[in-house]
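Colleague: Everything below, folded, please.
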Amino acid sequence: MSQPTRILLSLIAGLILGAVLAAWAPASALIAAEWAQPIGQAWLNGLQMTIVPLVVALLITGVAATAEAAQAGRLAGRAIALYVVVLFLSAVAAAILTPLFMHIAPLPRESADALRAAMAGAEKIGPVPPIGEFLAAIVPANIVKAAAENAFLSLIIFSLIFAFAMTRVGGEAQRLLTEFFKALRDVMLVVIDWVLWVGPLGVFALALVVGAKAGTGAFGALIHYILTVAGVGFTVTLFAYPVAVFGGRVGLGRYVRAALPSQAVALSTQSSLATLPVMIEGTGKLGVPVAVSGVTLPLAVAIFRATGPAMNFAVAIYVAEWFGIPLSPATLAVGVVVATLTSLGSVSLPGTVSYVSAIAPVAATIGAPVSPLGLLVAVETIPDIMRTVGNVTWDIAATTWLSRRAGKVPLDEADEILAHDS
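Modeller: Model prediction:
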């Protein structure tokens, strides 16, 4: 049984047991919640203790790898520029779509109140300061203090500056620093693997508390969350089609047929890497030569997740709405930047790991609590399927767009290839 499945079953079992106790033995439910709360909180603490070093290491190694890839050639540089633009627009889409979806179909107030009460200790990070103080605080006076206070935007700025400075040092110093942060990243991934291994126990404890205090309303709230976040990812995925049609200059039907096998593999494996051979075959049917797809698609699998910023930011916005935290346009703008930057570092990680490392900085930046992520990660399976399908759809669209802009394949030659294949 896979890890996500074990965690999901633990969530369901905890919610059912808590809700049954709340309905039939309220006094026992409160006692059970009192015993389970420290266990769940300890697991959450273990999850959160990995975030700061993991985010810093991922950003530094991610920027180093991206800079190295950009120097590999003109096509790679153009691909990276396109990927960064799409990632930014993906986060912008979340800032617009998530509040819109929650306005159209809001979380029932009773469920939101019950869930807030159930998540003991899940307080918001703090009020967003005035714009002047906020801008001044972006550059940390003390990076250790920023790390201790979970000032993720300051940490991200420092990490980016450090990573770009590394690329200017060159030689042995750059290699040693890169290897150090790769080692730090790998060690933290082992630690978080251990934490996630006991995740079923921690999630069961958290779910028991939520079920005991929120009752059956917790199920409806989690379904609402899944539909909202997956809906944002689905909408972002739809934008890949006009990019392929107008940017890649292929017919809609042709693109749909070429992308469908990759989407099917992504749906079944939840892995962009496993889909790579099928994507290369699919882009070939769109007239993209292997000389192009062999560069852009592996690069896309390594650093490009088009739905990542949108769905990560959607989770953070959802938690903020859940806890009644006001989000001004300025706060959302900062969240867009952080969601874009963190997605560059976490793209090659397993879903459960990237969920925490990519969303926690965004949530903390906009003032939303991080603790609910320990519960929400248990229902990540369906959103993660949507992420993977959306990512491979965008990978194919972007590769087609890059091929046409590079002028590698004339349209009549593409037509000949397709006619020969059919």
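
Colleague: Tell me how many other residues crowd Asn142.
Modeller: By the criterion of other Cβ atoms under 10 Å, Asn142 has 11 neighbours. C-beta: built from backbone N, CA, C; applies to glycine.

Colleague: Also Leu89?
Modeller: Counted with other Cβ under 10 Å, the neighbours of Leu89 add up to 16.

Colleague: just Trp322 next, same as before
Modeller: Around Trp322 there are 24 residues (other Cβ under 10 Å).

Colleague: Over to the one 5 residues further on?
Modeller: Around Leu327 there are 19 other residues, counting by other Cβ under 10 Å.

Colleague: if I look at it, how far off is Gly335?
Modeller: Distance, Leu327 to Gly335, by Cβ to Cβ, to the nearest Å: 8 Å.

Colleague: what do the two both touch?
Modeller: Common neighbours of Leu327 and Gly335 are listed as 317, 366 (criterion: Cβ atoms under 8 Å, 6 or more residues apart in numbering).

Colleague: Now do the contacts for the nearest residue to Val236 once chain neighbours are set aside.
Modeller: Excluding its sequence neighbours, the residue lying closest to Val236 (Cβ to Cβ, 6 or more residues apart in numbering) is Ala310, at 4.5 Å. By Cβ under 8 Å, 6+ apart, the contact list for Ala310 reads 90-91, 93-94, 97, 232-233, 236, 339.

Colleague: In strands only, show me those.
Modeller: Among the contacts of Ala310, none falls in strands (DSSP state E).

Colleague: closest to Ala147 among those?
Modeller: Checking these against Ala147 with Cβ to Cβ, the nearest one is Ala339 at 19.9 Å.

Colleague: My understanding was that that closest one contacts Ala360; is that so?
Modeller: No - if you go by Cβ atoms under 8 Å, Ala339 and Ala360 don't touch, sitting 11.6 Å apart.

Colleague: any weak-confidence spans in the stretch 201-350 of the chain?
Modeller: Filtered on pLDDT under 70, the stretch 201-350 of the chain yields the residue ranges 214-217, 345-350.

Colleague: Tell me where it has helices.
Modeller: For the stretch 201-350 of the chain, applying DSSP state H, counting those that start in this stretch gives helices covering 217-238, 240-242, 252-269, 272-285, 290-303, 308-322, 329-346.

Colleague: Go through the first one and flag the buried ones.
Modeller: Going back to what we said before, that points to helix 217-238. 217-219, 221-222, 224-226, 228-237 (16 or more other Cβ atoms under 10 Å).

Colleague: what's the answer for the fourth one, then?
Modeller: Buried residues in helix 272-285, counting neighbours by 16+ other Cβ under 10 Å, are found at 272, 275-276, 278-280, 282-285.

Colleague: could these be laid out in TSV, adding distance to Val243?
Modeller: Below are the buried residues of helix 272-285 laid out as TSV (distance: Cβ to Cβ, whole Å):
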residue	distance to Val243
Ser272	18
Thr275	18
Leu276	20
Val278	20
Met279	15
Ile280	19
Gly282	15
Thr283	14
Gly284	19
Lys285	17
